[in-house]
Every structure is written in structure tokens, then in C-alpha cells.
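# Predicted model and sequence follow; I will ask about them next.
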Amino acid sequence: MNAPLAIVACSICGEASRLLYRDLYDDRYGYPGEFALYVCDSCGHRHIPVAFGSEELTSLYTNYYPRGGFDLDSFRPEREESGFLSWLNGDRGSAFRWVPRNVRVLDIGCGIGSTLAYHAARGCQAVGMEADGNVQAIARRYGLDIRQGVFDGNQFASESFDYVTLDQVAEHVVDPHALLRGVARVLRPGGTVVITTPNAGSFGAHLFGRKWLNWHVPYHIQFYTPRSLKHAARRAGLEVVRARTVTASEWQYYQWMHVLQYPPRGEPSGFWSAKGRVRHVSPFLDRSVSQGRRLRLHRYISRLLDVLGLGDNFVFILRKA
């Protein structure tokens, strides 16, 4: 890649953003190249200036994301979860958990479609959008309505959904303003948007630095703050009515395994990819991480960090007037 610039315009507010990291790379699936991360001093938004078009994004996810070898017989709908254990696991960190029964819902970036099957079982009319062409085989097998491509708001009639969910999706887009305008277009008046997205101001992001698992470049390119998302939402005719951190407890375990199996540039990770090489690490560190998981320390740490607003995952609830 070209040498990163010292300052670029913020992709949310347009103010100057300064260089934070200059040489991040795909530390999960081995996509080639290096990428620079910038932070805006005005709204706090962090972003990676890339110029992926729709075809490039489709190719990126189809060729590098690990869904091509998905076993169709292993497909299972998401399940209803509630109670203390659900809270301890951080289940409400997933956008689909905030959708009530018997509504019409659009899940942008629906992945393998397990959330669509969950919604259908609860009386909802559920439609998904997904850039990864590998999931079409799943959709055909299980009768799921998954539209392939990058969402732009023009694939559906205006005001046609009660709920729109973006579960770990808003960070993937090149143009956040176009995304939210499209969402507002398809959402009925009074409708709800649920966005879950990584919190780059989290304790984990500060502790692990460039090895924080949620930088996940070049797939993640936007990192919102409550201030930056409110700014973008207002421009789209939406209002943020709730912002909090709720993080799946397993992310703590994933983070430590991500560090222990951190790959060289250009190689897939032995933890995240079947194509990756498992790296030998200190037996003490390996035992410590495994023991912490057995003792469920990751659950209690996650809940404490979320209470303090320092968890790795934001949940934003937006409404259309």
C-alpha cells in the first residue's frame, strides 16, 4: 500500500483525523496488504480509508471469509435465551435479540441466516442481505430469503420494515452515511434500528493495542463512538435512543486465543482459519487461558467491563421519527 497520510478527513464529521496505526493487516484470514487506522479528535471516530467497491467487497467476503466449506447439515436456527445465564453470557450483545415477535425485519449482513430462521419461528417476516455468495446454498436448502449483495437501500420498497438489524455490520461499510440513509429509507415511521458494533474505546482495545481482535482489517473499517453515530444518525433522519456496551463473554476467550495464535503478515491465523498454521505457545499461557475459561472468569470480567461502559461491543438503538 502507499505510505499513510499524516491527516485525513473523518468519514463521519469531515474533521481532520490523525494517524493511529500505520501497519495493521488481516490477522485472521491472510488477506494481503497493510492498512492505516485514523482517529478523529472531534467525534472520536476511528476509520481505515479504503476504496472498496461493491464487486471488491463481494470478492473479499466470498474468497476470504470462512463460509465456503460450511456443512449444510450443521445449520441451526438461533435459540431463545433468557434469565441469569443469558445475561452472564452477554446474549443481548446480538442485535437480533432486541427484535420482538410478529414484525417485519430486515437483517443486513445476515451471515448464514440462523437469525432469519429464529425470527421466522417467532412469527416475523424476515429478509436478509449478505455480500458473501457462499450463503446462497444455505438459503436454498432451508428456504431463507437472503438477497445477495451490498445493501444500498434501493433493493426494497420504502418504509417496508418495522425493524432493521445490523449485527457486527456497520463497521464493514465504506460510506456510513449512505448506509444509514438506506436504512432510514426502508424503515417505516416509528420503526427501530438495532446496531451492534465494536467499541474501539474499550478496555480491551487499549490493553491489546494493535492485537485487539476487533480491528479485524480490512473487513472492519469504521469504529463508532456514541458521538460519531449520533452525528451520522441525525443526518439520515434517525435518532439514537439508547447506547450501551453489551459484550458476548466468549469474546474474552477469543481475544486471548487471538493473541496466542497471532500470525505473521499474509498468513491466516491457526485459531480463526482452517487454513492457518497452529503456533506453539508457552504451555503455561495455554493452560492459563484454558483454566480461566473453565472457571468462567471471562463471563464475570465481561459483565464488569460492560457495567463500566468499557466492554468491546456497543449496542445502539435508533428510531425513525
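Good, I have the coordinates.

# what stretches of this protein score poorly on pLDDT?
1-3, 66-69 (pLDDT under 70).

# Do a quick rundown of the helices in it.
54-64, 84-89, 114-121, 136-142, 176-186, 203-208, 226-236, 250-260, 283-294, 297-307 (DSSP state H).

# For the fifth one, which helices and strands make contact with it?
Spelled out, it's helix 176-186. Secondary-structure packing of helix 176-186 (3 or more Cβ pairs under 8 Å, 6 or more residues apart in numbering; DSSP states H and E): strand 161-167, helix 226-236, strand 238-245. In this view, the C-beta of every residue, glycine as well, is placed from N, C-alpha and C.

# so what's the residue lying closest to D162 once chain neighbours are set aside up against?
Once flanking residues are discounted, D162 sits nearest to V103: 4.0 Å by Cβ to Cβ, 6 or more residues apart in numbering. By Cβ atoms under 8 Å, 6 or more residues apart in numbering, the contact set of V103 is 124-125, 162-163.

# that older thread, E34: which of the helices and strands packed on helix 176-186 is closest?
Of all the helices and strands packed on helix 176-186, helix 226-236 sits nearest to E34, with 24.5 Å by Cβ to Cβ.

# got the angle for that closest one vs helix 176-186?
Helix 226-236 runs at 50 degrees relative to helix 176-186, counting by axes from the mean of the first three to the mean of the last three Cα atoms, to 10 degrees.

# which helices and strands does helix 226-236 pack with?
helix 176-186, strand 238-245, strand 313-320.

# what's next to the first one, contact-wise?
It stands for helix 176-186. Here helix 176-186 has contacts from 11-12, 106, 108, 151-154, 156-161, 164, 166, 170, 173, 193, 222, 224, 232-233, 235-238, 320, using Cβ under 8 Å, 6+ apart.

# same thing with the last one?
Contact with strand 313-320 is made by 90, 92-93, 95, 98, 184, 187-199, 224, 226, 229, 233, 237-248, 251, as judged by Cβ under 8 Å, 6+ apart.

# Strand partners (parallel or antiparallel) of that strand?
Taking DSSP bridges as the criterion, strand 313-320 pairs within the sheet with strand 187-198 (antiparallel), strand 238-245 (antiparallel).

# hey, which of these is tucked in deepest?
strand 187-198 (a mean of 21; mean count of other Cβ atoms under 10 Å).

# Contacts for that one, please.
By Cβ under 8 Å, 6+ apart, strand 187-198 touches 93-96, 98-99, 159-171, 183, 214, 216, 220, 222-224, 229, 238, 246, 312-321.

# same thing with stretch 20-34?
1, 4, 35-39, 46, 48, 60, 64-66, 210-211, 215-219, 258, 262-263, 265-269, 272-273, 275-276.

# List the residues that contact D71.
Counting by Cβ under 8 Å, 6+ apart, D71 has no contacts.

# Check the gap between it and I112 for me.
Computed as Cβ to Cβ, to the nearest Å, the D71 to I112 distance reads 11 Å.

# repeat for Y31
For Y31, the distance to I112 (Cβ to Cβ) stands at 21 Å.

# same check, this time on A170
For A170, the distance to I112 - Cβ to Cβ - is 19 Å.

# quick one: which of the helices and strands packed on helix 226-236 is nearest F75?
Proximity to F75, assessed across those by Cβ to Cβ, is greatest for strand 313-320 (24.6 Å).
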